[in-house]
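[1] what follows is a predicted protein model with its sequence.
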Amino acid sequence: MIGLLKGLQATMSHLFSRNVTVQYPEVRRELPQRSRGLIRLRLKDDARTPRCIACTFCEQVCPAVAIKIIYDDVRAGKVWSFDAGAGPMLSCFNRGEKPLGIAWPAGSENGGAADAADSGAAPEGCIASSLLDAAGLTEAVLTRTALKNGVWLSQVFSIATFYEQLGPGKPAKKPDGEPPAARVTAEGCPPILLGYIGAVDPENIDSYAGAGGYQAVTRTLTEMSPAEVIDELSISGLRGRSGSGFPVGRKWKLAAETEAPQKYVICNAEEGDPGSVKDRVILEENPHAVIEGLIVAGYATGASEGYIYIGVENATAAARIRKAVEQARERGLLGKELPGTDFRFSVTVVEVPRAFMGGEETALIATLEGRRPMPSPRPPYPAEKGLRGMPTVVDNVETLATVPWIINNGARSFQQIGAANAPGTKLFTLRGAVARPGVYEATLDTSLKKLATDEAGGFTGTPRAALVGSLGGGFLSPGLFDIPLDYDSISETGGDLSSGTISVLGDADCVVDVARQSLAFFSRQSCGKCVPCRLGNWRLLEIMEKICAGQGSEADIGLAADLAADIRDGALCGLGRGAVRPLLTGLKFFRDEFIRHAAEGSCSAGKCNMDGKESKA
């Protein structure tokens with residue numbers, strides 16, 4: 001609580017501390033890898049040189065070493081607080097001169113550009129996307145980007161320092177690897193999502209149309225009102241195929257009933273969960289189903305614009321969805337009023353740098369608006385106030401690809417498939433200690449035991465546990481392998497179905513180490529906006545590294561459990577809450593393993609290197 005109050009105090013302080021000029025280095029290499037979080041600076045006795053007194057991001061590396069700060073208040077000891085990602089808050093005053101809002105390269109001609117920066121106009125597009133192909137992030141490049149979008153240079157700078165895929169030394173774009181060999185629809189399960197794979201050419205709209213594609217668009221426009229489409233989705237019981245599984249019909253209804261001059265639909269194709277490939281399979285093998293789902297969503301909610309938000313590393317998927325959008329545009333399905341209606345819908349594909357945080361819906365919207373991918377408190381929900389302040393529906397690839405089947409076959413047919421509390425089918429990415437890893441389509445009343453045994457060739461060896469929902473999910477003990485893989489059943493165990501990625505841990509895998517890996521991943525991916533995630537996960541990671549090295553104690557286990565519970569209850573978004581889920585469920589089902597590590601310095605899997613030595617196990 002004290003940390004939260006201090007964070008709030010510092011944040012409020014920077015809102016009212018605007019008389020500061022920030023000048024940026026020419027290349028990103030001079031910056032810390034990720035300069036995030038609140039920075040507090042104090043002027044030294046010379047009343048000019050800033051000294052970092054607390055960086056709440058990592059408390060070790062201070063971004064101030066790479067930023068020249070000039071103050072108009074020259075009192076020695078003056079303390080300034082600001083948020084490293086809050087570009088517009090870093091107001092630019094030059095000792096009583098007119099505020100420019102931008103730091104210009106030496107000798108450049110700014111003309112009337114200062115007025116553009118001061119105008120507060122929204123960026124023309126996604127700034128992160130526009131910086132992807134920059135050879136280097138020099139001051140000139142950042143300045144041109146700021147001018148083009150009419151924003152503060154500090155805003156562009158804060159975005160450029162967020163992603164590892166931008167600037168000098170950025171990872172080269174490389175192929176996204178071979179898709180999973182196994183793509184199987186479980187026996188007795190209707191092939192709602194995988195049925196088109198192998199049956200249609202994903203790069204040919206005629207092939208998709210010949211297999212019944214775009215009939216859902218025809219039916220909605222000629223036979224159904226927008227309200228009837230929403231009723232159909234509500235009756236079907238379709239829940240969003242990610243996160244906690246929010247009812248799709250309810251979300252669409254909220255957007256439709258919110259009055260606004262403009263509305264949007266966004267396909268979230270940023271498949272950030274480590275190991276998850278199910279959305280990629282759909283985009284690569286059946287991209288037109290996603291576009292058809294977007295069109296239906298736009299018609300039902302009153303939206304006229306749609307976006308497909310996809311990570312740049314999914315090269316094949318991005319290329320195929322772009323081609324599919326172009327083909328749909330050429331056939332008059334996008335960008336023009338559809339025959340017999342006044343409905344017009346357009347789709348834009350936006351490729352963005354890799355960032356797990358970018359998949360959170362409010363952070364995704366911030367990225368499209370030209371800001372850092374940082375989440376916002378809810379309510380208001382995006383369906384009420386989202387992109388550019390307008391009602392915005394955000395659904396993922398799998399959810400939208402399911403919509404055409406429901407429209408074509410009827411809500412009642414879908415409702416009768418699988419679990420009563422979660423009808424329909426879902427894609428599961430099964431990996432780890434199973435004979436045939438891959439993507440499997442199954443109903444949500446299917447158990448892990450049935451899925452692995454009947455479809456994936458069984459377990460290899462004796463499974464220790466299963467992590468359901470990737471690194472942000474929770475553990476299941478072998479005794480729970482026969483519970484249904486639906487949202488509610490998994491939630492009751494303390495987990496989260498999320499993307500449906502399931503990692504089965506074998507004899508050589510350690511539950512304690514996987515919990516540590518989760519914290520390491522999420523600590524690096526944190527946007528730094530809230531204190532529980534920004535600081536709490538780092539402190540928790542230190543405890544877990546201590547335990548995995550055989551240097552912990554049972555008191556450390558209790559401290560880790562208490563801190564994890566605080567982070568779960570206090571984090572702003574699902575990233576912070578997901579980071580501690582493997583630890584909390586690990587302690588719930590495998591507490592003896594944690595005690596063995598901490599008290600005995602032993603890892604039963606022989607995975608953890610205890611204090612630099614081999615495990616005692």
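    Alright, I've got the coordinates.
[2] what residues are up against the residue nearest to the spatial centre of the chain?
    Nearest to the geometric centre of the chain sits residue 359, at 1.9 Å (CA atoms, centre = their mean). Going by CB atoms under 8 Å, 6 or more residues apart in numbering, residue 359 touches 268, 270-272. Any C-beta I mention is one placed from the backbone N, CA and C, and that applies to glycine too.
[3] kindly report the same for residue 477.
    Under the criterion of CB under 8 Å, 6+ apart, the neighbours of residue 477 are 465, 589-590.
[4] which one of those has the most neighbours?
    Using other CB atoms under 10 Å as the neighbour criterion, residue 465 leads the contacts of residue 477 with 27 neighbours.
[5] the contacts of residue 477 in helices, which ones?
    Counting by DSSP state H, the contacts of residue 477 place 589-590 in helices.
[6] now render the contacts of residue 477 as JSON lines, adding distance to residue 400 and pLDDT.
    Output for the contacts of residue 477, formatted as JSON lines (distance: CB to CB, whole Å; pLDDT from 0 to 100):
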{"residue": "465", "distance to residue 400": "33", "pLDDT": "96"}
{"residue": "589", "distance to residue 400": "35", "pLDDT": "96"}
{"residue": "590", "distance to residue 400": "37", "pLDDT": "95"}
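[7] so can I have JSON lines of the contacts of residue 477 showing distance to residue 394?
    Formatted as JSON lines, those follow (distance: CB to CB, whole Å):
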{"residue": "465", "distance to residue 394": "32"}
{"residue": "589", "distance to residue 394": "33"}
{"residue": "590", "distance to residue 394": "35"}
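[8] okay, now residue 435: neighbour count?
    12.
[9] excluding its backbone neighbours, what's nearest it?
    Nearest residue to residue 435 in three dimensions, chain neighbours excluded: residue 457, at 2.9 Å (CB to CB, 6 or more residues apart in numbering).
[10] and what of residue 339?
    Leaving out its chain neighbours, the residue that sits closest to residue 339 by CB to CB, 6+ apart is residue 332, at 7.9 Å.
[11] how about residue 241?
    Nearest non-adjacent residue to residue 241, counting by CB to CB, 6+ apart: residue 398, 3.9 Å away.
[12] can you give me the neighbour number for the one you found?
    Count around residue 398 with other CB under 10 Å applied: 25.
[13] go on, residue 436?
    Look at residue 436: counted by other CB under 10 Å, it has 16 neighbours.
[14] dump the residue contacts of it.
    181-182, 455-457.
[15] just checking, residue 241 is part of a strand?
    No - assigned with DSSP: H, G, I helix; E, B strand; the rest coil, residue 241 falls outside any strand and is coil.
[16] can you pull the contacts of it?
    Contacts of residue 241 (CB under 8 Å, 6+ apart): 396, 398-399, 402, 426-427, 500.
[17] residue ranges with poor pLDDT in the stretch 501-617 of the chain?
    Counting by pLDDT under 70, the stretch 501-617 of the chain has low-confidence residues at 610-617.
[18] confirm that residue 348 sits in a strand.
    Yes - the assignment for residue 348 (three-state DSSP) places it in a strand.
[19] my read: it touches residue 304, true?
    No - using CB atoms under 8 Å, residue 348 and residue 304 do not qualify as a contacting pair, with a distance of 12.0 Å.
[20] do you know how far residue 365 is from residue 266?
    Going from residue 365 to residue 266 by CB to CB, to the nearest Å gives 8 Å.
[21] any residues in contact with both of the two?
    With CB under 8 Å, 6+ apart as the test, residue 365 and residue 266 both reach 386-387, 392, 394.
[22] top of those by neighbour count?
    Most crowded among those, counting by other CB under 10 Å, is residue 392 at 30 neighbours.
[23] in contact with the nearest residue to that one once chain neighbours are set aside, which residues are there?
    In this structure, residue 392 finds its nearest non-sequential neighbour in residue 386, 2.7 Å apart by CB to CB, 6+ apart. Going by CB under 8 Å, 6+ apart, residue 386 touches 264, 266, 362, 365, 392-394.
[24] chain center to the strand or helix carrying residue 289: distance?
    Secondary structure from DSSP states H and E places residue 289 in helix 287-301. Helix 287-301 sits 21 Å away from the centroid of its parent chain (CA atoms, centre = their mean, to the nearest Å).
[25] what does stretch 237-248 give?
    Per CA atoms, centre = their mean, the displacement of stretch 237-248 from the mean C-alpha position of its chain is 16 Å.
[26] my guess is residue 511 meets residue 593, correct?
    Yes - between residue 511 and residue 593 a contact is recorded at 5.3 Å, counting by CB under 8 Å.
[27] give the residues shared as contacts by these two.
    Joint contacts of residue 511 and residue 593 (CB under 8 Å, 6+ apart) are residue 586.
[28] neighbour count winner among the two?
    The residue with more neighbours, out of residue 511 and residue 593, is residue 511; 27 against 22, by other CB under 10 Å.
[29] gap between that one and residue 496?
    The value you get for residue 511 to residue 496, if CB to CB is used, is 17 Å.
[30] just to revisit the earlier point, I'd like the shared contacts of residue 365 and residue 266 as TSV, with pLDDT, distance to residue 564 and secondary structure appended.
    Below are the shared contacts of residue 365 and residue 266 laid out as TSV (pLDDT from 0 to 100; distance: CB to CB, whole Å; DSSP: H, G, I helix; E, B strand; the rest coil):
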residue	pLDDT	distance to residue 564	secondary structure
386	95	31	coil
387	94	34	helix
392	97	32	strand
394	96	28	strand
